[in-house]
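Asker: Need coordinates for the below:
(2 chains)
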Amino acid sequence: MPDHTNSKLAVRGCNITMMRGGAGRPLLMLHGAGGAGIWLPYMADLAARHDVIVPEHPGFGASDTPDWLDTIPDLANFYLDFLDQLDLKNVNLVGHSLGGWIAAELAARNTSRLASLTLVAAAGIHVKGIAQVDSFLQNDEQRVRAFFHDPKRAEEMLKHLARPELEDINLKNRTTTAKLIWQPRGYDPHLHKWLHRIDVPTLLVWGDDDRLFPKDYAFAYQRLIPGSKVTIIPECGHLPQAEQRQAFVAALEGFFDTMKVAA
Amino acid sequence: MKFFNFHLMPYRHADLDAIEKHGTAWVTYSNRDYDPEKGAELYHEYLDQMELADRLGFDGVCLNEHHQTAYGMMPIPGVLAGALARSVKRAKLAILGRALPLLNNPLVVAEEYAMLDNLTRGRFIAGFVRGIGAEYHAMGINPAHSQERYAEAHDMIIRAWTEPGPFQYVGKHYHFNYVNTWPRPYQKPHPPIWIPSQGSSSTIRWAAQMKYTYAQTLAPIAVVAKFFQLYRDEAAKAGYAASADQLAWSNTIYVAETDAQAIREAKPHMEALANKLLKMSTEMLLPPGYSNIDSIKRIRAAKVTGKVQTCEDLIRAGVIIMGSPNTVREKLAEYQDLAGFNTSLTKTQFGTLPDDMTRANMQAIAQEILPHFRDRLPQGKRQAAAE
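Answerer: Numbering: from 1, shown residues only, chains lettered A, B, ... in the order given. Prediction:
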């Protein structure tokens, strides 16, 4: 029996694709700029205790690129519609990088369907004076190398991405990413003013060696979101869920457990 | 044929080895390499060359716009156009062009161009471009908005020139309560509009539909011929026959006594332009969203960036023309007949070419080439040749 399903879904006229597997409390995973990709081992790990839902954002992969898509706040509002349509409750919302930015915007707007928020190496705010890799000036190979702490993991990822059949999807994802994050680069200048409204338990998971959004961003988010906790994963770059899968899954499960104790 | 002296105004004292090592002369190449004393001299040297072009009988002089690069020192071409508006007495003055999407208020171009049109009493030619990809890195403008912003800015400028103000403009990217541009342009209904492009089929189609002069930038003549044929086809579809006056080819010409001498003299300066000042990565040239995905794939597959080209390669491909007066005349006539253009946008200075050699080249072109083409129109079996 397959451990997940792939499906299509229309939300207010916008068709998106979605992976879903496991059982338990819903865990909505919002992917980063690279797209949703395939059902990955960390998703299967989390599916042991959760109903893991991984939609592909409008403008990415096989999902539609609707006329209304201009900004990350557009996607935050889209996912509020999505939560309503699927009538999901007590959702553990997890967002990585660009998806973390969407998650933060969503939670600043409305947490009524959320049980918790987890931001992983998230974009969305700006921290002055922190050097960040300009991924738009890098070629595909340089960009992948910048993701990882361990160069060997970058090599594996490069082999996977070298498949020519992925070129169209990669270009589509890059185009949508540019549209969403080019200017201001990777943040919403107004978001930091409203993060105090997030009133669900919040975890901030970062790689110790993240060169795109260095861990200073985790602590900046922590100062802005009341009661939020930071977990820094050692020997880890911008993709904790891939580079340090076990530590990543343990951090999330530990966080969910403490919430249960608190409740 | 009409001849325009097209200047890129390169910072020709740039440290070419440092550029080679850094990988590009654009955006991330530090302006520490710019020496203001040398730069000031260059501005005057180049403006003097433009004034000489006017006296020598060139039909026009052209400026353009690029940002944060040693490739060209014209981030604000209107400053230089203002300097030339009174000293260039007879020739047309063209800016090819202002990069409209880079501006948060493109109405400043309506104002600037209208001022230049008044100053020159109607000798101004208005160019509109999107800017190359590097500009979007340099100016913090989203490349995915480039086409939409260009279309809106263009429409707003044309309306500002042709509709009595004030009126309101509400677009997706631009919003103004009062559009009421003073001065109004001198020419009626507005200055001629020229559209330079690298050869995007959608741009060519649009220029043909609008009856705007299409100017083809740096490309092999066989490709130029194909693009110009596309323009004529699109004009025919739009219900009219395009004239050769609507097509301009941007080239480089260098004339010396013999072919060998021309190549020997021009080679290092031309190769500095092609392989150092123009060099940039695909990521810098083509940020995501700047072109549609099919165009990006085509350009990536062609690997246009980073290919080292010799002066001889460029001559052979018909990107540039260099040689004895006789060779240059033969080639130019052949290319005019092949591609069917009636304006030559000619760089007489290129790369690191110094002032004395540039002036000698301009003199030679004025004496040996211009008179032979003054009344020459494209001839022969163009359509067949282009196919």
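
Asker: For the rest of this, base every contact and every neighbour count on C-alpha atoms.
Answerer: OK.

Asker: hey, where'd the helices end up in the stretch 1-150 of chain A?
Answerer: Secondary structure of the stretch 1-150 of chain A (DSSP state H, counting those that start in this stretch): helices located at A:41-47, A:72-86, A:98-109, A:140-147.

Asker: so which of the ones you listed is the most packed in?
Answerer: helix A:98-109 (a mean of 26; mean count of other CA atoms under 10 Å in any protein chain shown).

Asker: Flag the shaky bits of the chain, pLDDT-wise.
Answerer: Chain wasn't specified; assuming chain A. Low-confidence segments of chain A (pLDDT under 70): A:1-2, A:263.

Asker: that answer is for a different chain, and I need it for chain B
Answerer: B:303-306, B:381-387.

Asker: tell me which parts of it are close to chain A?
Answerer: Within reach of chain A by CA under 8 Å from any CA of the partner chain, chain B has these residues: B:140-145, B:282-284, B:287-289, B:293.

Asker: any idea how far the spatially closest residue to A:Ala242 that is not a sequence neighbour lies from A:Phe148?
Answerer: Leaving aside its sequence neighbours, A:Ala242 sits nearest to A:Tyr42 (CA to CA, 6 or more residues apart in numbering or on different chains; 7.4 Å). Applying CA to CA, to the nearest Å, the value for A:Tyr42 to A:Phe148 is 17 Å.

Asker: Tell me where the stretch 151-263 of chain A has helices.
Answerer: A:151-161, A:167-181, A:216-224, A:240-243, A:245-262.

Asker: looking at these, which is closest to B:Pro10?
Answerer: The minimum distance between B:Pro10 and those falls on helix A:167-181, with 30.3 Å, by CA to CA.

Asker: name the helices or strands packed onto the closest one?
Answerer: Here helix A:167-181 touches helix B:293-302, going by 3 or more CA pairs under 8 Å, 6 or more residues apart in numbering or on different chains; DSSP states H and E.

Asker: helices or strands next to the helix it packs on in the packing?
Answerer: Partner elements for helix B:293-302 (3+ CA pairs under 8 Å, 6+ apart): helix A:167-181.

Asker: contact partners of the helix it packs on?
Answerer: A:33-35, A:59-62, A:70-72, A:187, B:142-145, B:288-289, B:293 (CA atoms under 8 Å, 6 or more residues apart in numbering or on different chains).

Asker: Count the neighbours of residue 20 for me.
Answerer: Reading this off chain A. Using other CA atoms under 10 Å in any protein chain shown, A:Arg20 has 22 neighbouring residues.

Asker: think we crossed wires, I meant chain B
Answerer: Using other CA under 10 Å, B:Glu20 has 14 neighbouring residues.

Asker: Just give me the residue right at the centre of the chain.
Answerer: Reading this off chain A. Chain A has A:His96 as the residue nearest its centroid, 2.2 Å off, counting by CA atoms, centre = their mean.

Asker: was after chain B, sorry
Answerer: B:Leu96 (4.9 Å).

Asker: my read is B:Ala215 is in a strand, agree?
Answerer: Yes: applying DSSP: H, G, I helix; E, B strand; the rest coil, one finds B:Ala215 inside a strand.

Asker: what's near enough to touch it?
Answerer: B:Ala215 sits next to B:Trp194, B:Ile195, B:Pro196, B:Ser197, B:Leu247, B:Ala248, B:Trp249, B:Ser250 when contact means CA under 8 Å, 6+ apart.

Asker: how about the residues of chain A that lie near chain B?
Answerer: Counting by CA under 8 Å from any CA, the residues of chain A near chain B are A:136-139, A:168, A:171-172, A:174-176, A:178-179, A:182-184.

Asker: Kindly give a single PyMOL line that selects the buried subset of these.
Answerer: To isolate in PyMOL the members of the residues of chain A next to chain B that are buried, counting by 16 or more other CA atoms under 10 Å in any protein chain shown, one can use:
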select buried, chain A and resi 136+137+138+171+172+174+175+176+178+179+182+183
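
Asker: one step back: neighbour count added to the residues of chain B next to chain A, as TSV?
Answerer: Putting the residues of chain B next to chain A into TSV (neighbours: other CA atoms under 10 Å in any protein chain shown) gives the following:
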residue	neighbour count
B:Gly140	13
B:Ile141	18
B:Asn142	24
B:Pro143	29
B:Ala144	23
B:His145	17
B:Thr282	20
B:Glu283	19
B:Met284	24
B:Pro287	25
B:Pro288	26
B:Gly289	23
B:Ile293	18
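
Asker: Please flag which of those sit within helices.
Answerer: Secondary structure from DSSP state H places B:Thr282, B:Glu283, B:Met284, B:Ile293 of those in helices.

Asker: now, the most widely separated pair of the residues of chain B next to chain A?
Answerer: Largest separation among the residues of chain B next to chain A by CA to CA: B:Gly140 and B:Ile293, giving 21.3 Å.

Asker: hmm, back to that, closest to A:Lys215 among the residues of chain B next to chain A?
Answerer: Scanning these for proximity to A:Lys215, where the rule is CA to CA, the winner is B:Gly140, at 25.0 Å.

Asker: all strands of the stretch 1-150 of chain A, in order?
Answerer: According to DSSP state E, counting those that start in this stretch, the stretch 1-150 of chain A carries its strands in the segments A:5-11, A:14-21, A:25-30, A:50-55, A:91-96, A:114-120.

Asker: Those: which one's closest to B:Glu20?
Answerer: Here strand A:91-96 is closest among those (CA to CA), at 37.7 Å.

Asker: elements contacting that closest one?
Answerer: With contacts defined as 3+ CA pairs under 8 Å, 6+ apart, the secondary structure elements packing on strand A:91-96 are strand A:25-30, helix A:98-109, strand A:114-120.

Asker: same thing but at 6 Å, please
Answerer: strand A:25-30, strand A:114-120 (3 or more CA pairs under 6 Å, 6 or more residues apart in numbering or on different chains; DSSP states H and E).

Asker: List of residues touching the helix or strand where B:Tyr231 lies?
Answerer: Using DSSP states H and E, B:Tyr231 falls within helix B:221-237. Residues from elsewhere that reach helix B:221-237 (CA atoms under 6 Å, 6 or more residues apart in numbering or on different chains): B:Ile204, B:Arg205, B:Ala208, B:Ala242, B:Gly318, B:Ala339, B:Ala386.

Asker: right, and the helix or strand after that helix?
Answerer: strand B:247-255.

Asker: Report the strands that pair with that following strand, each with its relative direction.
Answerer: strand B:213-216 (parallel), strand B:321-323 (parallel), strand B:343-347 (parallel) (DSSP bridges).

Asker: before we move on, the earlier item: okay, and the beta partners of the residue nearest to the centre of chain A?
Answerer: A:Val120.

Asker: ok, now which ones touch B:Pro191?
Answerer: For B:Pro191, the contact set (CA under 6 Å, 6+ apart) comprises B:Ile125, B:Ala126.

Asker: swap the cut-off to 8 Å and go again
Answerer: B:Asp117, B:Gly122, B:Phe124, B:Ile125, B:Ala126, B:Pro185.

Asker: from chain A, which residue is nearest to chain B?
Answerer: A:Thr175 (4.6 Å; CA to the nearest CA).

Asker: Give me the distance between that residue and B:Arg130.
Answerer: On the measure of CA to CA, A:Thr175 and B:Arg130 end up 17 Å apart.

Asker: Okay, strands next: where are they in chain B?
Answerer: Secondary structure of chain B (DSSP state E): strands at B:2-6, B:60-63, B:92-99, B:124-129, B:167-170, B:175-179, B:193-197, B:213-216, B:247-255, B:321-323, B:343-347.

Asker: and those strands as TSV, adding distance to B:Thr358?
Answerer: Formatted as TSV, the strands of chain B follow (distance: least, CA to CA, whole Å):
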stretch	distance to B:Thr358
strand B:2-6	11
strand B:60-63	15
strand B:92-99	20
strand B:124-129	24
strand B:167-170	46
strand B:175-179	43
strand B:193-197	24
strand B:213-216	23
strand B:247-255	9
strand B:321-323	13
strand B:343-347	10
